[in-house]
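Colleague: sequence plus predicted model, see below.
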Amino acid sequence: MAVRWRSSVVALTYQELGFTDPLSDYTLPAINDIDTPTITNGAVTVAVQARDASQTLTSMALILDGDATYATSKVNHGTFTPTVDTWYTSIIQTDGDTVLSYIYDTDTAASPTLVSGGFQSKVAGFEGGTLVQPWFFFGNKTSNSAVVDLDFIAYWADR
């Protein structure tokens, strides 16, 4: 899955990009606490790039949960925090139980640059045999508005 996005606000926002199994409520995030991390909202199998500016960890992390097969885990994307109104392309790729995660600064679309800490992976962190859906979620922890622009969303699967 690949998503090119930008946000007008990064303070007190939260986001999730990747894959999850069906959720109980599609207006709520799948990650309850990025610091610990804990999975909620009916999710059992998760592979997402997540960020919650209201938590202790305010930078992006790869959050994984593999049902009963693998415990919930977190791999920090370095200290990457988005910059207001800058275009990024986030890519999550699953290969069996392995997850690859990339974040590129694509503000200059013809010259994408991997952000510092922008590539992370986790072997044996995700139950690759579980049916999952693409998941892209942005939320705001305040009553102030935030505009999220999407340039493209692409997802694919091997047959």
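Modeller: Received the coordinates, thanks. Numbers count the residues shown, from 1 in each chain.

Colleague: for stretch 105-112, measure first residue to last.
Modeller: This stretch, stretch 105-112, spans 6 Å end to end (Cα to Cα, to the nearest Å).

Colleague: contact partners of it?
Modeller: By Cβ atoms under 8 Å, 6 or more residues apart in numbering, the residues outside stretch 105-112 that reach it are 4, 86-89, 104, 113-115. Every C-beta, even on glycine, is put in place using the N, C-alpha and C of the backbone.

Colleague: residue 136: which of those residues is nearest?
Modeller: residue 4 (11.2 Å; Cβ to Cβ).

Colleague: hmm, the closest one is touching residue 103, no?
Modeller: No - in this structure, residue 4 is not within contact of residue 103 by Cβ atoms under 8 Å, at 11.1 Å.

Colleague: neighbour count winner among the two?
Modeller: Neighbours were counted for residue 4 and for residue 103 using other Cβ atoms under 10 Å; residue 103 has more, 25 against 19.

Colleague: if I read this right, the more buried one contacts residue 49, doesn't it?
Modeller: Yes - in this structure residue 103 lies within contact range of residue 49 using Cβ under 8 Å: 6.8 Å.

Colleague: hey, what's in contact with both of those two?
Modeller: In contact with both residue 103 and residue 49: 60, 77, 90, using Cβ under 8 Å, 6+ apart.
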